[in-house]
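Trainee: got a structure for you, letters missing:
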DNA sequence: AGGGAGTCCTGCAGGC
DNA sequence: TGCCTGCAGGACTCCC
């Protein structure tokens, strides 16, 4: 699914066609996704002007006039597709359609329906149940080694699992955690609380760099992520370890001994790493 | 309290 | 070709 870079890419794409425009029509083709839509969601959105489209963690944050906020999450397979108006009926997985006053159609498509869409008041957004426990934004300057060290302190869980915990750091998912740990040379199996400040600092740098690189590439297109304009992201070509089990480890210092990229399962999720390079 | 397993849902790839 | 199994970018709930 969309992790932080993919959601950022989607937010930027939507901002181009939504900001400053009003929703002429919003149509829901089902009652909800992972959670039910607010009962009168379509009606409450219709006629509103979009002030901004942004992102908090993996949530799309659409601010509308009158202090209304639409929170969206794309789950594992959600997409926001921009197109012109069409006469064909919506597809099986086209759940919500937004039409702006200038005739641009945005379709929320989500085959697995793990995503969500809901509304809240701008003033209550930070205390919203979905966001209130959210950790710091990794690309903000305030996210540094001291902050991450404090979050990891005393944690017995593997660092891989800790970084997936949205309350510790917001927005990281399976791909970018694997890639960041590889860049930092840290084993995913290390106990989170055992990391020294001298290891956490390069980890923070690796997290920021991998996310920035991915955003610059338009995110990663695996099965589902496409930019709203239909273009593919291409950061998947930059993966060093994710999905590369059995392949040679790139730039491995122990190259002659290196057995290659390994796949293990941690907390039910695939982890890809190089045992020679990551310690 | 904290962490891991099971769960939601559909699509796709690979093996037989 | 077709069926079956396993796996997938997330995150919540339950249970230990």
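Mentor: That came in fine, so what should we check first? All values reported here derive from a predicted model rather than from experimental measurement.
Trainee: The residue of the stretch 101-250 of chain A at minimum distance from DNA strand C: neighbour count?
Mentor: As assessed by CB to the nearest atom of the strand, DNA strand C sits closest to residue A:173 within the stretch 101-250 of chain A, at 2.1 Å. C-beta here means a position set from N, CA and C on the backbone, and glycine is covered the same way. Counted with other CB atoms under 10 Å, the neighbours of residue A:173 add up to 20.
Trainee: cool, and the one 5 residues further on?
Mentor: Neighbour count of residue A:178, defined by other CB under 10 Å: 29.
Trainee: Now do the host helix or strand of it: everything it contacts.
Mentor: Assessed by DSSP states H and E, residue A:178 sits inside helix A:174-184. With CB atoms under 8 Å, 6 or more residues apart in numbering as the test, helix A:174-184 has contacts from A:3-5, A:159-160, A:163-164, A:172, A:187-188, A:199, A:202-203, A:205-207, A:209-211, A:214, A:220, A:239-242, A:269-274, A:277-278.
Trainee: and the stretch 1-150 of chain A, which residues reach DNA strand C?
Mentor: Contact residues, the stretch 1-150 of chain A versus DNA strand C (CB under 7 Å from any atom of the strand): A:1-3, A:6, A:34, A:57-58, A:73, A:75-76, A:112, A:114, A:130.
Trainee: Narrow the contacts of helix A:174-184 to those that are buried.
Mentor: A:3-5, A:159-160, A:163-164, A:172, A:187-188, A:199, A:203, A:206-207, A:210-211, A:214, A:220, A:239-242, A:271-274, A:277-278 (16 or more other CB atoms under 10 Å).
Trainee: Of the residues you listed, which belong to helices?
Mentor: A:4-5, A:159-160, A:163-164, A:199, A:203, A:206-207, A:210-211, A:214 (DSSP state H).
Trainee: now residue A:8, what's its secondary structure?
Mentor: Secondary structure for residue A:8, judged by DSSP: H, G, I helix; E, B strand; the rest coil, is helix.
Trainee: How about residue A:120?
Mentor: Reduced to three states by three-state DSSP, residue A:120 is strand.
Trainee: Look at it and report its pLDDT.
Mentor: pLDDT for residue A:120: 96.
Trainee: hey, what's it bridged with?
Mentor: residue A:69 (DSSP bridges).
Trainee: Find the residue closest to the residue of the stretch 101-250 of chain A closest to DNA strand C in space, skipping its chain neighbours.
Mentor: residue A:3 (3.5 Å; CB to CB, 6 or more residues apart in numbering).
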